[in-house]
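1. Any chance you can model this:
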Amino acid sequence: MGTETARLLEFAEGSWHPLGGFARQDDRGVRMLDAPVELWLTGRMTHVYALGALLGYPGSVALAEHGLTALSGLLRDTAHGGWYPRVGWDGPITTDKECYQHAFVVLAAASASIAGLPGGRELLDDALELFENRFWSDPDGMLRETWDEEFQTEEAYRGVNANMHGVEAFLAAFDATGDARWADHARRITDRVVREFTAPNGWRIPEHFDPAWHALPEYNADKPDDPFRPYGSTIGHGLEWARLCLQLRVALGADTDTSWLVDGARELCGRAVADGWAVDGAPGFVYTVDWHGTPVVHLRMHWVLAEAVGTAAALHAVTGDDAYLDRYRQWWEYAEEYLLDRDLGSWHHELDRNNRPSAVVWPGKVDAYHAVQATLLPRLPLRPSIAGALRDTDIELPGAD
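-> Here you go, the predicted model:
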């Protein structure tokens, strides 16, 4: 598996953008330089190469620093605060301040800080201050969604996807700083999502809400395959939340009652597998289902399988249940057969319902974030963040120093 980590890092080396940050790559790894530099993508890839730096993979430090430079300059709004979502050769293309995208600034900065990269801690402190002042809603125990450029007007929408990546970011920030406030923010978000929203809904996660946190079950019914806000229950998010529950359990420590997190992780994973795995006559996870569990979008996204692998490994580590080990092996076999592209590199990002390469939602091979993490989580002890686990663990990686 270490070889697969190195193979993914090698392919993604070509994603650096000459303007700053990182670019999407096509199926052959060619950079899409006509597209703008995107905040979420640059945050993710900076995080990935911070992990590479912790692994000792050659060239990772320079690539992570390239990302940090863009997050500290090109993508930053020095006039109003925060970061721009998309910046082109002539300047910002979109100016709204999106929580989802900002979460990856925190994640990148936290991982860079843990890796000891210059400027990582300063960027992390700035990003966390912005989150606390602009996105965190203490009365709700949740994160706001999107502001306009000047942080004056909010979007009349709240989303669980942004909060999920907020939990991931806060756990990484806790690992980087030791400040229990960030673990507590992650706990409050997870408590609402898992116990208040999801458990009463048959363990299918309601994704979309109004500003008062009333569910909008028909949101985007006319656009069911949206890459960030799809209609219905998103199978991969059930798996991702399950893993985050177990990482949060570590952050909260042995003196806290965290049995609900293990129970929730089991239920979330169980529902995702029952609804999503091989339910339409072929192996693979469907993208989304409706509120009765009927598949809506049959496309297979690589990130869903990647999250399944990490979650199965985490659940096996926590529970000792060999059924999760069996699933882990089954899903890696699927990845080997259908997703790993041995000819052109990296993983196919999207397959159709017959497991043939597709490009409806995610053309090309956009980033290495999910796949790299899938190769690392099974080899590491469970920690609040992957960077924290790498800091505390020696693992071998072919091609590393």
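2. alpha carbons only for contacts and neighbour counts from here, please
-> Noted.
3. Can you tell me the closest non-neighbouring residue to residue 92?
-> Leaving aside its sequence neighbours, residue 92 sits nearest to residue 86 (C-alpha to C-alpha, 6 or more residues apart in numbering; 6.0 Å).
4. wait, what's in contact with the one you found?
-> For residue 86, the contact set (C-alpha atoms under 8 Å, 6 or more residues apart in numbering) comprises 36-39, 75, 92-95.
5. and the gap between it and residue 94?
-> Residue 86 sits 6 Å away from residue 94, going by C-alpha to C-alpha, to the nearest Å.
6. on that earlier part again, which residues does the residue nearest to residue 92 form a beta bridge with?
-> On the basis of DSSP bridges, residue 86 is bridged to residue 38, residue 94.
7. got a pLDDT number for it?
-> pLDDT for residue 86: 98.
8. sorry, back to before: looking at the contacts of residue 86, which one is closest to residue 362?
-> Nearest to residue 362 among the contacts of residue 86 is residue 38, at 14.8 Å by C-alpha to C-alpha.
9. That closest one is in contact with residue 19, isn't it?
-> No: Residue 38 is not in contact with residue 19 according to C-alpha atoms under 8 Å; the separation is 11.3 Å.
10. With neighbour numbers in mind, choose between those two.
-> Shown here are residue 38 and residue 19; by other C-alpha atoms under 10 Å, residue 38 has more neighbours (22 against 15).
11. Going by secondary structure, the most centrally placed residue in the chain is in what exactly?
-> Taking C-alpha atoms, centre = their mean, the centroid of the chain lies closest to residue 165, which sits 5.9 Å from it. Assigned by DSSP states H and E, residue 165 falls within helix 160-177.
12. Run through the neighbouring helices and strands of that helix.
-> Judged by 3 or more C-alpha pairs under 8 Å, 6 or more residues apart in numbering; DSSP states H and E, helix 160-177 is in contact with helix 99-114, strand 142-143, helix 180-191, helix 235-252, helix 386-391.
13. The next helix-or-strand element following the first one to helix 160-177, inter-axis angle?
-> Just to be clear, that refers to helix 99-114. Following helix 99-114 in sequence order, the next helix or strand is helix 120-130 (DSSP H and E). Relative orientation of helix 120-130 versus helix 160-177 (axes from the mean of the first three to the mean of the last three C-alpha atoms, to 10 degrees): 130 degrees.
14. So for helix 120-130, mean pLDDT?
-> Averaged across helix 120-130, the pLDDT comes to 98.
15. So which elements touch it?
-> Applying 3+ C-alpha pairs under 8 Å, 6+ apart, we find helix 120-130 packed against helix 99-114.
16. got the buried residues for the helix it packs on?
-> By 16 or more other C-alpha atoms under 10 Å, the buried positions in helix 99-114 come out as 99-114.
17. With respect to residue 129, which of the residues you listed is nearest?
-> Closest to residue 129, out of all of these and judged by C-alpha to C-alpha, is residue 106, at 10.2 Å.
18. I figured residue 28 hits residue 343, correct?
-> No: judged on C-alpha under 8 Å, residue 28 makes no contact with residue 343 at a distance of 9.2 Å.
19. Comparing these two, which shows the higher neighbour count?
-> Neighbour count, other C-alpha under 10 Å: between residue 28 and residue 343, residue 28 has more, with 14 against 7.
20. Report whether that one is found in a helix, as I expect.
-> No: according to DSSP: H, G, I helix; E, B strand; the rest coil, the state of residue 28 is coil, so it is not within a helix.
21. what's it in contact with, if anything?
-> By C-alpha under 8 Å, 6+ apart, the residues touching residue 28 are 344-345.
22. which residues in this protein form strands?
-> Counting by DSSP state E, one finds strands in the chain at the ranges 37-38, 86-88, 91-94, 97-98, 136-137, 142-143, 146-147, 158-159, 208-209, 233-234, 288-289, 295-297, 300-301, 350-351.
23. Let's have these in TSV, adding distance to residue 263.
-> Below are these laid out as TSV (distance: least, C-alpha to C-alpha, whole Å):
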stretch	distance to residue 263
strand 37-38	37
strand 86-88	39
strand 91-94	41
strand 97-98	32
strand 136-137	27
strand 142-143	22
strand 146-147	32
strand 158-159	24
strand 208-209	24
strand 233-234	20
strand 288-289	23
strand 295-297	25
strand 300-301	26
strand 350-351	31
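24. Ok, which of these comes nearest residue 120?
-> Here strand 37-38 is closest among the strands of the chain (C-alpha to C-alpha), at 19.2 Å.
25. from the chain's centre, how far out does that closest one sit?
-> In this view, strand 37-38 has its centroid 17 Å away from the chain centroid, taken as C-alpha atoms, centre = their mean, to the nearest Å.
26. which residue sits closest to residue 74 in space, ignoring its chain neighbours?
-> Here the residue nearest residue 74, using C-alpha to C-alpha, 6+ apart, is residue 20, at 6.7 Å.
27. how about residue 323, what does it touch?
-> If a contact means C-alpha under 8 Å, 6+ apart, then residue 323 has residue 316 as its contacts.
28. quick revisit: and the helix holding residue 165 with helix 180-191, angle?
-> In terms of direction (the same axes, to 10 degrees), helix 160-177 departs from helix 180-191 by 150 degrees.
29. mean confidence for helix 160-177?
-> Across helix 160-177, pLDDT averages out at 98.
30. list the contacts for the nearest residue to residue 157 once chain neighbours are set aside?
-> Spatially, and ignoring its direct neighbours in sequence, residue 157 is nearest to residue 210 (4.8 Å; C-alpha to C-alpha, 6+ apart). Contacts for residue 210 were tallied using C-alpha under 8 Å, 6+ apart; they are 156-158, 216.
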